[in-house]
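> please work out how this folds:
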Amino acid sequence: MTGQKVLPPVWFLLSIILMVGLHLWLPVKQLFLPPITYWGIVAILVGIVMILACASLFRQQNTTIKPFQESSYLVTEGLFSYSRNPIYLGMIITLIGVWIVLGSLTPLVIIPIFSWLIQEMFIKQEEKMLEEKFEKEYQEYKATVRRWL
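Numbers count the residues shown, from 1 in each chain. Alright, predicted model coming up:
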């Protein structure tokens with residue numbers, strides 16, 4: 001892939017900023033109040049732990065975590081045995097947590113946009129690269145493990 005791309009962590013942080021901005025400047029309707037909003041903290045922590053656990057697996061296998069760089073190992077253990085994209089899933093769970101903490105309706109719009117963007121800009125290309133590199137092994141993995149859950 002040529003050219004510089006905005007990487008998923010940047011889209012993730014921009015999504016959080018947009019969610020907070022929408023909550024502050026266009027809250028529309030407050031759906032959640034304490035103590036329900038505290039459950040958002042739990043979701044944020046779960047999402048972050050998922051991301052860090054997956055990053056650790058990549059380091060253990062000495063393979064790249066960066067999109068569009070060639071992987072040297074197909075990670076299928078840990079959370080990858082339940083989802084082909086647990087890092088992105090962890091980001092989405094974190095965004096859901098941010099939405100619950102904020103409690104208003106408007107930030108919710110960012111979550112499906114982020115999910116679609118990640119799928120279109122990263123996941124589809126990553127899957128194509130993995131199919132080319134790992135061929136049958138990736139096909140078998142793809143047949144047994146769902147993209148999200």
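> next, name the residue at the spatial heart of the chain.
residue 88 (1.7 Å; CA atoms, centre = their mean).
> pLDDT (mean, whole number) over the helix or strand containing that residue?
Using DSSP states H and E, residue 88 sits in helix 86-102. For helix 86-102, mean pLDDT rounds to 98.
> could you export it as CSV, CA atoms only?
The C-alpha trace of helix 86-102 is given here as CSV (Å, rounded to 0.1, in the frame of the first residue of the first chain):
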residue,chain,number,x,y,z
PRO,A,86,-10.8,-8.4,18.6
ILE,A,87,-8.6,-5.2,18.6
TYR,A,88,-11.3,-3.4,16.6
LEU,A,89,-14.0,-5.0,18.7
GLY,A,90,-12.2,-3.7,21.8
MET,A,91,-12.2,-0.2,20.3
ILE,A,92,-16.0,-0.5,19.6
ILE,A,93,-16.6,-1.8,23.2
THR,A,94,-14.6,1.2,24.5
LEU,A,95,-16.7,3.6,22.4
ILE,A,96,-19.9,2.0,23.7
GLY,A,97,-18.5,2.6,27.2
VAL,A,98,-17.8,6.2,26.4
TRP,A,99,-21.3,6.6,25.1
ILE,A,100,-22.8,5.1,28.3
VAL,A,101,-20.6,7.3,30.5
LEU,A,102,-21.7,10.4,28.5
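> run through the neighbouring helices and strands of it.
Counting contacts by 3 or more CB pairs under 8 Å, 6 or more residues apart in numbering; DSSP states H and E, helix 86-102 is packed against helix 8-25, helix 38-60, helix 110-118. All C-beta atoms are positioned from the backbone trio N, CA, C, and that covers glycine.
> show me where pLDDT drops low in the chain?
1-4 (pLDDT under 70).
> try 90
In the predicted model, the chain carries pLDDT under 90 at residues 1-5, 27-28, 149.
> what is the neighbour count of residue 110?
22 (other CB atoms under 10 Å).
> and what of residue 126?
17.
> so what's it up against?
Contact partners of residue 126, counting by CB atoms under 8 Å, 6 or more residues apart in numbering, are 67, 68.
> switch the cut-off to 6 Å
residue 67 (CB atoms under 6 Å, 6 or more residues apart in numbering).
> could you list the buried residues of the host helix or strand of it?
Per DSSP H and E: residue 126 is located in helix 124-144. Within helix 124-144, the residues scored as buried using 16 or more other CB atoms under 10 Å are 126, 127, 129, 130, 134, 138, 141.
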